[in-house]
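**Q** Dropping the sequence and predicted coords here.
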Amino acid sequence: MLGGDIEPADLVIIGSHCVGLDMLIGKLMRGGIRTKSLYVGSMGGLAACKRGECDIAGVHLLDPASGEYNRPLLTAGLSLVPGYGRMQGLVHRRADPRFDGRSLEEAVAAHATTPKA
């Protein structure tokens with residue numbers, strides 16, 4: 001049988017990918033905790049958690065009705081453990097005339113109006 005020597009994971013994580021989560025998984029593994037992670041996005045993680053297919057799911061889902069993240073999307077049997085904040089941004093090459101020296105709003109507007117090939 002293939003994989004007969006493989007032990008099942010102690011912790012199964014399905015959901016959104018985040019380098020911070022990768023760091024935490026690395027610490028767990030160095031501590032002897034076997035983990036399995038599958039990155040399928042926040043909605044996929046929430047659905048997997050609802051179906052009992054994982055132990056935890058990384059999520060960052062905005063509820064448009066309330067403007068709140070994650071909590072309004074919980075159902076019976078699920079709990080939210082607030083993790084950490086993360087900052088997202090845009091990166092560009094230095095000296096790119098479309099972006100260099102412009103505010104975020106100006107850079108996005110400049111890119112949006114650039115003719116596409």
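**A** Nice, thanks for sending it over. Small disclaimer: the values here were computed from a predicted structure and weren't measured.

**Q** Could you use CA atoms for every contact and neighbour count after this?
**A** Noted.

**Q** tell me the phi and psi of Lys27?
**A** phi -60, psi -40 (degrees, to the nearest 10).

**Q** what about Ile6, distance to Gly20?
**A** Counting by CA to CA, to the nearest Å, the gap from Ile6 to Gly20 is 27 Å.

**Q** ok, residues contacting stretch 76-94?
**A** With CA atoms under 8 Å, 6 or more residues apart in numbering as the test, stretch 76-94 has contacts from 49-50, 70-71, 74, 99-100.

**Q** out of those residues, which are inside strands?
**A** Per DSSP state E, strands hold no members of the contacts of stretch 76-94.

**Q** Show the buried residues in these.
**A** 49-50, 70-71, 99 (16 or more other CA atoms under 10 Å).

**Q** can you tell me which of these lies nearest to Glu106?
**A** Top of the list for closeness to Glu106, among the buried ones among the contacts of stretch 76-94 and by CA to CA, is Phe99 at 7.8 Å.

**Q** re earlier: now the contacts of stretch 76-94 as CSV including distance to Ile13 and pLDDT?
**A** Below are the contacts of stretch 76-94 laid out as CSV (distance: CA to CA, whole Å; pLDDT from 0 to 100):
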residue, distance to Ile13, pLDDT
Cys49, 9, 96
Lys50, 13, 95
Asn70, 17, 92
Arg71, 19, 93
Leu74, 17, 93
Phe99, 37, 82
Asp100, 39, 84
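
**Q** how about the residues you listed in TSV, adding distance to Arg93?
**A** Listed next are the contacts of stretch 76-94 as TSV, based on distance: CA to CA, whole Å:
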residue	distance to Arg93
Cys49	39
Lys50	42
Asn70	34
Arg71	37
Leu74	40
Phe99	8
Asp100	8
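
**Q** quick one: which of those sit in helices?
**A** Judged by DSSP state H, the contacts of stretch 76-94 include 49-50 as members of helices.

**Q** Now compare the contacts of stretch 76-94 and name the two farthest from each other.
**A** Using CA to CA, the contacts of stretch 76-94 reach their maximum pairwise distance at Lys50 and Asp100, which is 44.9 Å.
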